[in-house]
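> need a structure here:
(one chain, ligands or ions: 1)
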Amino acid sequence: MSLIALGVTGGISAYKAVEVCRGLQQHGHDVVAVMTHSAERFIGPVTFEAITGRQVITSQWTPGSNADIEHVAIADAIALLLVAPCTANAIGKFAHGIADDFLSSLYLATRAPCLLAPAMNSNMLAHPAVEENLRALVARGVHVVDPGDGYLACGWVGKGRLAEPADIVDAAVALLSRTDSASPPGAAPPSALRALRVVVTAGPTYEDIDPVRYLGNRSSGRMGFALAAEAMRRGATVTLVAGPTSLEPPTVGEVVRVRSAAEMHAAVLDAAATADVVVMAAAVADYTPTEPAEHKVPKTSGSLTLTLQRTRDILADLAELPSRASAAGPLLVGFAAETGDVVARATDKRTRKGIELIVANDVSRPDAGFDVETNAVTLIDAEGERFVPLQSKEGVAQAILDRVEYLLSERSARIS
Ligand code: CTP
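Take a look at the predicted model:
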């Protein structure tokens, strides 16, 4: 059981914090509610006092609250600071280190992980000031449960609704379990990946049209690099197969540089022969020019037609490895970059490719997917879906490998 500070700020959805509080308690956690003055205009502290069984903190100046500098004492005691709903004002204060009430002081004082569930009008959410503040917080390690789309209290329809209380609770519980299993400073993490061989692919592939031109894509390699670095940190022997990117790859066991989908296919199948896990984070071209020209193609006044042929599907070929029939082959993880119907398409892709885990990525979002430092994904395996809220790609890599570790331990339990 952990103590969670539930920050409630002044939004119309403040009443939904009651359901969040209940959900956390159902998972066995103890909750202390911290309300801002504006939150009190939407819901009374008595409600939270009754359901938490604790005094609700509404001010820094309540008599007695400074006897042991309460925001510091609570900052030390909590395992998580969750703010739901979190207004643009609170996000702005957190991003700029303003500590003018109990909640903003607590945010600065605690070293516990912090999870925000923003809720506001769509235009406020899309304002560059709010977007920049959220980006700054995420870059500092703060986790965000994305607001949903729908009918807003202001009468608008759009993005900005507080995420569903059950999703907020799931994100909080997942974050706590990750923190619980973290190892003490200096100690090696107790990881199911230790001493295993992990192959990670990253970046785009380039398919040559002629000696000068190619077909490529926007992948930067960040997500794959973060996965390779995290697998290495967990004690795995890592082979990173990287397409052409301008970023420096992390220092891992072996880095194999490739250019085309065909080169990546050969390198991955070679490395996979002895691998325990293969994570295909690369954006591999599905098509390649049928006959790349030997010399630079000169322009003409007319149009140019390129004939493309399918590349070989690396994941599908890995799934067919004879070793997989005996469940001794590598555990396979794929990515699904989608722009609509993200979870349904990714679920279907996982089954079609015959792989254990697929990471569904909505690449239509400006803050997730290609060439940005943050990501938000849904992990889909045979047991169902798990949402990983917006955070740094390093954080997402941890969540993916946590799931890989779980699937590995499930598999070995089944075999033994
Ligand atoms: N992949 C692969 N071999 C390829 C192409 C893709 O192994 N030739 C892997 C990618 O690394 C990724 C996953 O397959 O893990 C993506 O699946 P894919 O079927 O290629 O989906 P998309 O190309 O993203 O989309 P779609 O099939 O919907 O066009």
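
> For this protein, what lies in contact range of the ligand?
For the chain, the contact set with the ligand under CB under 6 Å from any ligand atom comprises 261, 280, 282, 284, 286, 311, 313-315, 334-337, 349. No exception for glycine: its C-beta is placed from N, CA and C like everyone else's.

> Show me which of the residues you listed are buried.
In these, burial by neighbour count holds for 261, 280, 282, 284, 311, 313-315, 334-337, 349, counting by 16 or more other CB atoms under 10 Å.

> in the stretch 1-150 of the chain, what spans have low per-residue confidence?
62-71 (pLDDT under 70).

> give me that answer again for 90
Along the stretch 1-150 of the chain, segments meeting pLDDT under 90 span 1, 59-74, 76, 111, 134-150.

> can you pull the pLDDT of the residue of the chain most remote from its centre?
In terms of distance from the mean C-alpha position of the chain, Ser301 ranks first, at 47.7 Å (CA atoms, centre = their mean). Here the pLDDT value assigned to Ser301 is 93.

> Next: Ser183.
At Ser183, the pLDDT value in this model is 45.

> With the one 4 residues further on instead?
The score at Ala187 is 44. That number is its pLDDT.

> Likewise for the one 10 residues further on?
We have a pLDDT of 94 for Arg197.

> which residues does it contact?
Arg197 makes contact with Ala236, Thr237, Thr239, Thr274, Ala275, Asp276, Val277 under the criterion CB atoms under 8 Å, 6 or more residues apart in numbering.

> Leu284 against Arg312, yeah?
If you look again at residue 284, you'll see it is Val, not Leu. No. The pair Val284 and Arg312 does not pass the contact test of CB atoms under 8 Å, sitting 9.4 Å apart.

> Overlap of the contact sets of the two?
Ala261.

> tell me the contacts of the nearest residue to Ala202 once chain neighbours are set aside?
Among residues not flanking Ala202 along the chain, Gly224 sits closest, at 2.3 Å (CB to CB, 6 or more residues apart in numbering). Gly224 makes contact with Val200, Thr201, Ala202, Gly203, Leu240, Ala242, Val279, Ala281, Ala282, according to CB under 8 Å, 6+ apart.

> if we go to 10 Å?
Contacts here follow CB atoms under 10 Å, 6 or more residues apart in numbering; on that basis Gly224 touches 200-203, 240-243, 245, 247, 249-250, 279-283, 335, 393, 397.

> Filter those residues down to the ones in helices?
Among these, the residues falling in helices (DSSP state H) are Lys393, Ala397.

> Closest approach to the ligand from the stretch 1-150 of the chain, which residue is it?
Asp146 (21.5 Å; CB to the nearest ligand atom).

> What is the burial count for Ile355?
Residues contacting Ile355 under the criterion other CB atoms under 10 Å number 22.

> so what pLDDT did it get?
In this model, Ile355 is scored at 96, pLDDT.

> Now do the phi/psi pair for it.
phi -120, psi 160 (degrees, to the nearest 10).

> What residue, apart from its backbone neighbours, is nearest it spatially?
Of all residues not flanking Ile355 in the chain, Leu332 sits nearest, at 3.9 Å (CB to CB, 6+ apart).

> before we move on, back to that, identify, from the buried ones among the residues of the chain next to the ligand, the entry nearest to Ser2.
Checking those against Ser2 by CB to CB gives Phe335 as the nearest, at 31.8 Å.

> give me every residue that touches that closest one.
Phe335 neighbours (CB under 10 Å, 6+ apart): 201, 219, 223-224, 227, 279-284, 315, 346, 349, 357-361, 363, 369, 377, 400.

> where do the strands sit along the stretch 51-200 of the chain?
Taking DSSP state E, counting those that start in this stretch, the strands of the stretch 51-200 of the chain run over residues 80-86, 114-118, 143-144, 148-151, 157-161, 197-202.

> Can you verify my assumption that Met223 contacts Val388?
No. Applying CB atoms under 10 Å, one finds Met223 not in contact with Val388, separated by 11.9 Å.

> which one of these two has more residues nearby?
Neighbours of Met223 and Val388, each counted by other CB under 10 Å, are more numerous for Met223; the result is 30 against 23.

> Secondary structure element for that one, which one?
Element membership of Met223, judged by DSSP states H and E, is helix 222-233.

> Alpha carbons of that helix, in CSV - could you do that?
Output in CSV follows, covering the C-alpha atoms of helix 222-233 (Å, rounded to 0.1, in the frame of the first residue of the first chain):
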residue,chain,number,x,y,z
ARG,A,222,15.1,7.9,-30.8
MET,A,223,12.6,5.2,-29.7
GLY,A,224,14.8,2.3,-30.7
PHE,A,225,17.9,3.9,-29.2
ALA,A,226,16.0,4.4,-25.9
LEU,A,227,15.0,0.7,-26.0
ALA,A,228,18.5,-0.4,-26.7
ALA,A,229,19.9,1.7,-23.9
GLU,A,230,17.3,0.5,-21.4
ALA,A,231,17.8,-3.2,-22.3
MET,A,232,21.6,-2.6,-21.8
ARG,A,233,20.9,-0.9,-18.4
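
> for the record, mean pLDDT for that helix?
Mean predicted lDDT for helix 222-233 stands at 93.

> Tell me the buried residues in that helix?
Buried, per 16+ other CB under 10 Å, within helix 222-233: Arg222, Met223, Gly224, Phe225, Ala226, Leu227, Ala228, Ala229, Glu230, Ala231, Met232, Arg233.

> possible to save these as CSV with distance to Tyr107?
Shown next, in CSV, are the buried residues of helix 222-233 (distance: CB to CB, whole Å):
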residue, distance to Tyr107
Arg222, 27
Met223, 28
Gly224, 32
Phe225, 30
Ala226, 26
Leu227, 30
Ala228, 32
Ala229, 28
Glu230, 26
Ala231, 32
Met232, 32
Arg233, 27
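
> Out of the residues you listed, which is nearest to the ligand?
Gly224 (9.1 Å).

> Quickly list the domain ranges of the chain.
Domain assignment of the chain by automatic domain parsing yields the ranges 3-177, 197-415.

> Extract the residue ranges of the stretch 301-416 of the chain that are flagged as low pLDDT.
For the stretch 301-416 of the chain, the ranges with pLDDT under 90 are 322-328, 339-340, 362-375, 389-392, 409-416.

> again, only using 50
Judged by pLDDT under 50, the stretch 301-416 of the chain has no weakly predicted residues.

> quick one, helices of it?
With DSSP state H, counting those that start in this stretch as the criterion, the stretch 301-416 of the chain has helices at 314-319, 322-325, 342-353, 393-415.

> Thanks a lot, catch you later.
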